[in-house]
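Chemist: can you look at this prediction? I've put the sequence above it.
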Amino acid sequence: MEGFSYEQSLEFPGKGFEELGISILGSELEEIAATLGGIPSWLTLYGYYRGIRRLDHREALKLVTKEGLAIALSELEKVIENSRARYTAILKAVVSGFRGWKDVKTFIETIE
């Protein structure tokens with residue numbers, strides 16, 4: 001599923017909270033949209049923590065970002081499991097500031 005635009009990321013949780021009869025601050029909606037980047041499942045998870053489990057804004061956002069990071073790392077592990085050294089080198093190149101394919105390739109060849 002394609003991610004939501006910033007505006008949709010403001011509207012989606014707002015409508016959900018409205019259906020639950022929960023008021024939420026506009027500043028909280030803005031922080032949710034900015035932090036979770038329009039990812040529908042993360043916005044829904046935030047709504048669950050906030051609307052169903054009744055956690056406060058900070059705690060709900062903290063849990064969603066923690067779970068999101070764990071999922072992203074798990075997916076990254078699956079991608080790199082067969083070529084860990086190569087992907088680690090690619091990540092080091094990107095972190096070091098290399099952006100173009102040619103520069104990343106040269107960096108990897110140098111360290112290999």
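Modeler: Alright, I've got the coordinates.

Chemist: wouldn't Val79 be in contact with Tyr87 here?
Modeler: Yes. Counting by Cβ atoms under 8 Å, Tyr87 is a contact partner of Val79 at 7.1 Å. Heads up, the C-betas are built off the backbone N, CA and C, glycines and all.

Chemist: more neighbours: which of the two?
Modeler: Taking neighbours as other Cβ atoms under 10 Å, Val79 and Tyr87 compare with Tyr87 leading, 15 against 9.

Chemist: give the buried residues for the longest helix anywhere in the chain.
Modeler: Counting by DSSP state H, the longest helix found in the chain is helix 57-80. Across helix 57-80, burial judged by 16 or more other Cβ atoms under 10 Å covers His57, Ala60, Leu61, Leu63, Val64, Gly68.

Chemist: angle of the helix or strand just after that helix against helix 57-80?
Modeler: Using DSSP states H and E, the helix or strand that follows helix 57-80 in sequence is helix 84-95. Using axes from the mean of the first three to the mean of the last three Cα atoms, to 10 degrees, the direction of helix 84-95 lies 130 degrees away from that of helix 57-80.

Chemist: what sits against Thr110?
Modeler: Contacts for Thr110 (Cβ atoms under 8 Å, 6 or more residues apart in numbering) come out as none.

Chemist: report pLDDT for it.
Modeler: With respect to pLDDT, Thr110 scores 85.

Chemist: could you check how far it is from Lys92?
Modeler: 11 Å (Cβ to Cβ, to the nearest Å).

Chemist: test my guess that Thr88 contacts Glu77.
Modeler: No. Here Thr88 lies out of contact with Glu77, judged by Cβ under 8 Å, at a distance of 11.6 Å.
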